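> Mind folding the following:
(one chain, ligands or ions: 1)
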Amino acid sequence: MTPLRMFRGALTLALTVVASLAVLRSDELLGAQRSATATISGETDGWASRTVSACDHRKAVVVEGVRSNEKLPPQKAQEVADLLSDLMRFCNEEVVARISIREKITLSVNGLPFVDYVQGGELPVELVHGKVQHTDRDRAIWKAELDREVAEGDRLFHSDELGTNGLACAMCHPDASNTHPETYPKFQTQLKKVALLRDMVNWCIQNPLEGKVLPDDDPRMKALEAYILVKRTGATLDPGKH
Ligand code: HEC
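Numbering: from 1, shown residues only. Sure thing, here's the model as predicted:
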């Protein structure tokens, strides 16, 4: 091999190496570009959104196209309220619904992938565990809890501990008679304003019983209301009636 040939050979080799390196680099570059594009399109897909949760914290609606600190326009707010009320039918499930900027509703039940949903429709049956919503055990627990609350109200209603003069509610309202919870809210002449049942409970605590009013969130107020309401089971709601 002549020195010239050797030189040519080395040059070709070097060029090949450089070329393949260039290919490698351009591949890398392309890869980098691809992932950058993916990130950008991911960002464009992920609109700013605001999430509204239902009071059970098991349902949420994500509204796309509204910033998290922005008020929903009235029509959107109503749409979210309707959707949340609709989803409350599936009380045992955790549901995240998404309203896209194109008004398409998709939802994910119990962390499963998002599926299309038409408001008022059924969830895919297998996702709601055969549509069994409440078990007998659930109902038994709820009843026991309510019974406990009512029993505490019953005890307070018959005790003198809410006042200072020895009187008890049941002395004037045996069996919660004449408490008329079904007529509240109503304008109460004694209070000269619209009153809730609890306002009248407090009025009677202050007046005949000479006791101290209970704050709205006092567990004793809750128990008294529970007892009075349960005693009037079946009465037709008639707010404002005198
Ligand atoms: C000394 C008798 C007496 C006692 C004790 C008494 N109340 Fe009353 N209560 C009345 C009278 C009288 C009224 C009627 C006031 C009215 O509606 O004009 C009344 C009204 C009420 C009302 C409203 C009824 C309606 O028709 O709107 C509620 C509720 C009530 N009482 C609850 C209680 C509770 C709870 C207690 C115990 C903390 C209690 N009362 C203790 C005499 C009593």
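
> Next, the contact list for Ser100, please.
Contact analysis of Ser100 by CB atoms under 8 Å, 6 or more residues apart in numbering lists Trp47, Glu64, Gly65, Thr106. C-beta coordinates here come from the backbone N, C-alpha and C atoms, glycine included.

> and with 10 Å instead?
Ser100 sits next to Asp45, Trp47, Ser49, Val62, Val63, Glu64, Gly65, Thr106 when contact means CB atoms under 10 Å, 6 or more residues apart in numbering.

> filter those residues to the buried ones?
Buried by 16 or more other CB atoms under 10 Å: Ser49, Val62, Val63, Glu64, out of the contacts of Ser100.

> Bridging across strands, which residues link to Val115?
Here Val115 shows beta-bridge partners Leu107, assigned using DSSP bridges.

> Which pLDDT value belongs to the residue nearest in space to the middle of the chain?
With distances taken as CA atoms, centre = their mean, the residue of the chain nearest its centroid is Ala54 (2.1 Å). You'll see Ala54 listed with a pLDDT of 87.

> Put together TSV for the buried ones among the contacts of Ser100, with pLDDT, distance to Lys241 and secondary structure on each row.
Shown next, in TSV, are the buried ones among the contacts of Ser100 (pLDDT from 0 to 100; distance: CB to CB, whole Å; DSSP: H, G, I helix; E, B strand; the rest coil):
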residue	pLDDT	distance to Lys241	secondary structure
Ser49	92	46	strand
Val62	94	43	strand
Val63	95	41	strand
Glu64	93	47	strand
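
> Run a quick neighbour tally on the closest residue to Gly65 other than its chain neighbours.
In this structure, Gly65 finds its nearest non-sequential neighbour in Ile101, 4.0 Å apart by CB to CB, 6 or more residues apart in numbering. Neighbours of Ile101 under the rule other CB atoms under 10 Å: 12.

> How about Val194?
Val194 has 13 nearby residues by other CB under 10 Å.

> Quick one: list the elements packing against the helix or strand hosting it.
Assigned by DSSP states H and E, Val194 belongs to strand 193-195. If you count contacts as 3 or more CB pairs under 10 Å, 6 or more residues apart in numbering; DSSP states H and E, strand 193-195 packs onto strand 186-188, helix 197-206.

> Give me the contacts around the host helix or strand of Arg155.
Assigned by DSSP H and E, Arg155 falls within helix 136-157. Residues outside helix 136-157 that contact it (CB under 10 Å, 6+ apart) are 91-92, 134-135, 161-162, 168-171, 173-176, 179, 201, 214, 219-231.

> Following element in sequence after the lowest-mean-pLDDT helix or strand in the chain, please.
Least confident helix or strand, the chain: helix 3-45 with a mean of 40, by mean pLDDT, DSSP states H and E. Next helix or strand after helix 3-45 toward the C-terminus (DSSP H and E): strand 49-53.

> Would you mind listing the outside residues contacting that next one?
Applying CB under 10 Å, 6+ apart, the set of residues contacting strand 49-53 is 59-72, 76-77, 80-81, 83-84, 96-101.

> With mean pLDDT and mean neighbour count added, can I get the helices and strands packed on strand 193-195 in CSV?
Output for these, formatted as CSV (pLDDT from 0 to 100; neighbours: other CB atoms under 10 Å):
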stretch, mean pLDDT, mean neighbour count
strand 186-188, 96, 15
helix 197-206, 97, 19
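
> With distance to the ligand added, can I get the ones you listed in a markdown table?
Shown next, in a markdown table, are the helices and strands packed on strand 193-195 (distance: least, CB to the nearest ligand atom, whole Å):
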| stretch | distance to the ligand |
| --- | --- |
| strand 186-188 | 7 |
| helix 197-206 | 3 |
